[in-house]
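S.K.: Compute the structure for the input listed below.
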Amino acid sequence: MSLIRKFTKGEVLGFSMKRSDWFIGIDLGTGSCKSIVVDEEAKVLGFGAAEYSGLQAQDRWQEQDPGEILKAAVASAKAAVTESGVRSADCAGLSIGGALHSVLALDGHGDPLTGVITWADGRGVEQSRALRGLPVASRLYRETGCPSHGMYPFYKIMWLRDKRREVFAKTWRYVSAKEYVLARLTGDYLVDYCLAAGSGLLNTHTLRWNPLCIEMAGVREEQLSALCSPLSVHRGLRPEFAREMGIREDVPVVIGSSDAANSNLGAGAVNPWQATCMVGTSGALRVISSRPILDEEARSWCYAMDESHWLVGGAINNGGIALSWLRNSLNLVFPSLTTQAPLSFEDVLSLAQSAKAGAGGVICLPFFAGERSPNWNLNARAVFFGMTLEHGLSHLARALLEGIAFRFRSLKEVLVDIGVELRQVIASGGFTKSGLWLQVMADALDRDLGIPVWGETSALGAAFWALLSALGGEGLEKAGDFVTLGDTCRPNPESVEIYNRMYPLFEQLYQSLEKSFDDVAELQAKLGR
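M.R.: Numbering: from 1, shown residues only. Now for the predicted structure:
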C-alpha cells in the first residue's frame, strides 16, 4: 500500500527542524545524474555526479539502460552525502528530479521491455506528423499544452503500438526514467504533474490523465502512474538503497518535479516575470506562470507543475551538442596536424573569442539535431551562410554561438507575443562557465543575464522541494529566497545593434529554406549517412 500523502502549509513531517538536518536532491539528467546536499538554510554541503553508460543510438533511436540510471542515482547520492560529511540519521528529506519526455515499457514483474526512450529519440515523428494540421492536433494542444512533436511519449507509445506490437501487448506499465528509479527506491509508481504533462498524456487544466490521449494511444489509465503534487511525500526508502546512499531508511521522499521545473527553482526564477535561459546539451527558455498560457500557433508548450503553477516556454535541440559537433569535427583532423592534445570546449570558445561580434557576417542556422520550438521541424538542418575566402574557423565558431543565441531570441519573442513579461532572465546550465557565451546571449536577447552562485540548478531545485516540504508546505515562491545571484552579464550596446541587424536575416534564411529542409532530409534518408 502506498504511503503517499500531501502535507499542507503549517504541517511538518512529524519532527521539528534542527540545525543538523540536511536535504538531498537527485537530478536524473540526460547524460548524467547529479546530487546535492543542502542544510536547513539551503546552503550547499556536498555534491556528487555519476555518468551514464549504455546509451544506444542508431538512426532515430536513442535509448538508455534503466539499470545504469538507477546505479548512477545511487552513486551520485552516495558521493554527495560522503562529501558533505553529514550523519545519515539527520537526513530530513529527499527529492528526485527527472528529464522530461522519456518513456520505458515494463512487464508485469516491473522489468523493462525497452530501454529508456529519451526525448531525443525520433521514432514518433511519423505518428506526430500524421496529426499536424488536423483539428485533433489543435484540440490536443489546447488540452495538454503539448504541440504535435515526436519527442512526446504519447507519440512514442503510438510507435510501439504500430511497430513493436509484441512489446505493446506485453506492457503492464509505461513510466519515465524518474518513475522507474522512484519505484525501485520506494516500491510505488508515482509521477509528479510536470513530468506527467511532459508525456503529452496529461490534461494541463484538470491535472488528470487526458481521456482523448489515452484512447488515441490505445492504453489504459491503470498502465500509467498515480498522479501527485510535487509536495506529496512518500515515507521511506527500501533498506538496501538507503544503506548504500547513506540515508536513513524512513526518510520523507518528496515527489518533486521535472528537471526543467527544478532548474527554475534552483535558479530562483519563481515569479511570472522571471525566466531561466538554460543551455546544456539542448536548451530552453522557461517561466513559471500562475495560469496556463497557450499559443494560438502552438509555438510554445505549457506544462502543469501543481494546482496553481504552470511551466511555460520553449526548448531547442541544439545547445552544447552543436558546440560538441564543431569540437569533434576539428579534432578529426587536429591530431594529424600537430602533437598537441585534442581541442577542448574551452579551445573552441577561445577560437570564437578571436572573431568580432557578427562573425564577419557569417550566419549559422544551428539545426544539427533538428528543431523544437517554435517551428517543431525535425527536418531542419544546419547551415553556415555568407562565407567568403576571408572567413576562417574563428568566424564559424563565433557564428555557431550566435546562431544558438538567435534561437533563444526566437523563443523570447514567442513568450512576449503570448503575454509573458520578461523583466529578468537568469542563466543556468553549462554555458554559465563561459564569459563569452554569456555575453553573446545577453547581447542577442538584449537583456541582463543574472548568474546564480551555484550553477547546478536542477539538482539544487530538487533539494529545494524536500526543504520546502519540511518547512510546512511553503509555496514554491519561497525558493527564490534560497538563491543568491552572483554576477550580472549586461548587454553591450554595440553588439546589440549588430545582432538587431542580423536577426531578421537569420529568420529570413530559415523561412526561405523550409521546403529545402524537407527535400534534403528525404535525400539523406535515401543516401544514408
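S.K.: Quick check: which ranges of the stretch 201-350 of the chain have low pLDDT?
M.R.: 334-340 (pLDDT under 70).
S.K.: That one: strands as residue ranges?
M.R.: For the stretch 201-350 of the chain, the strands defined by DSSP state E, counting those that start in this stretch cover 202-203, 208-209, 226-228, 232-235, 252-254, 274-279, 283-289, 301-306, 309-316.
S.K.: so what strands line up beside the last one?
M.R.: The reference is to strand 309-316. Paired neighbours of strand 309-316 in the sheet (DSSP bridges): strand 283-289 (antiparallel), strand 301-306 (antiparallel).
S.K.: Quick one, which of the ones you listed gets closest to Val86.
M.R.: strand 301-306 (28.9 Å; CB to CB). The way it works is simple: take the backbone N, C-alpha and C, and place the C-beta from them, glycine included.
S.K.: can I get the CA coordinates of the closest one in CSV?
M.R.: Written as CSV, here are the backbone C-alpha positions of strand 301-306 (Å, rounded to 0.1, in the frame of the first residue of the first chain):
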residue,chain,number,x,y,z
TRP,A,301,4.4,24.5,-24.5
CYS,A,302,2.6,24.7,-21.2
TYR,A,303,3.2,22.0,-18.5
ALA,A,304,1.3,21.9,-15.2
MET,A,305,3.6,21.9,-12.1
ASP,A,306,0.9,21.9,-9.4
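S.K.: Nearest residue to the middle of the protein?
M.R.: Geometric centre of the chain, nearest residue: Ala260, 4.6 Å, by CA atoms, centre = their mean.
S.K.: for the strands paired with strand 309-316, which one sits closest to Gly25?
M.R.: strand 301-306 (16.0 Å).
S.K.: buried sites along stretch 221-231?
M.R.: 223-225, 227-231 (16 or more other CB atoms under 10 Å).
S.K.: coming back round to it: in contact with the closest residue to the residue nearest to the centre of the chain other than its chain neighbours, which residues are there?
M.R.: Leaving aside its chain neighbours, Ala260 sits nearest to Leu100 (5.7 Å; criterion: CB to CB, 6 or more residues apart in numbering). Contact analysis of Leu100 by CB atoms under 8 Å, 6 or more residues apart in numbering lists 119, 194-195, 198, 258-260, 303.
S.K.: cool, Leu351 as well?
M.R.: Contacts of Leu351 by CB under 8 Å, 6+ apart are 393-394, 397.
S.K.: repeat for Ser229
M.R.: Here Ser229 is in contact with 6, 192-193, 255, 306-307 (criterion: CB under 8 Å, 6+ apart).
S.K.: What count of nearby residues applies to the residue nearest to Arg87 when sequence neighbours are not counted?
M.R.: Using CB to CB, 6+ apart and skipping residues adjacent in sequence, the residue nearest Arg87 is Ser20, 7.0 Å away. Burial of Ser20 is recorded as 12 neighbouring residues (other CB atoms under 10 Å).
S.K.: mind checking pLDDT for Phe15?
M.R.: We have a pLDDT of 42 for Phe15.
S.K.: and the longest helix along the chain, how far out from the chain's middle?
M.R.: Longest helix of the chain, by residue count under DSSP state H: helix 493-527. Here helix 493-527 shows a centroid-to-chain-centroid distance of 24 Å under the convention CA atoms, centre = their mean, to the nearest Å.
S.K.: what's the average pLDDT for that helix?
M.R.: Mean predicted confidence for helix 493-527 is 95.
S.K.: which helices and strands sit right next to that helix?
M.R.: strand 363-365, strand 383-385, helix 393-417, helix 435-445 (3 or more CB pairs under 8 Å, 6 or more residues apart in numbering; DSSP states H and E).
S.K.: nearest to Phe47, of these?
M.R.: helix 435-445 (21.9 Å).
S.K.: so how far is the very next helix or strand once past the closest one off the chain centroid?
M.R.: Remark: after helix 435-445, the chain's next helix or strand is strand 449-452, criterion DSSP states H and E. Chain-centre distance of strand 449-452: 18 Å, with CA atoms, centre = their mean.
S.K.: List the strands paired with strand 449-452, with their directions.
M.R.: strand 424-428 (parallel), strand 485-489 (antiparallel).
S.K.: what comes up buried for the last one?
M.R.: For strand 485-489, a neighbour-count test (16+ other CB under 10 Å) marks Cys489 as buried.
S.K.: Report the distance from it to the chain centre.
M.R.: That offset, for strand 485-489, works out to 23 Å (CA atoms, centre = their mean).
S.K.: same question, the first one
M.R.: Centroid displacement of strand 424-428 relative to its chain, using CA atoms, centre = their mean, is 15 Å.
S.K.: Extract the CA atoms of that strand and return them as PDB.
M.R.: Output in PDB follows, covering the C-alpha atoms of strand 424-428 (Å, rounded to 0.1, in the frame of the first residue of the first chain):
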ATOM      1  CA  GLN A 424      14.600  39.300 -15.600                       C
ATOM      2  CA  VAL A 425      16.500  36.400 -17.300                       C
ATOM      3  CA  ILE A 426      18.600  34.100 -15.100                       C
ATOM      4  CA  ALA A 427      21.200  31.900 -16.800                       C
ATOM      5  CA  SER A 428      21.600  28.200 -15.900                       C
END
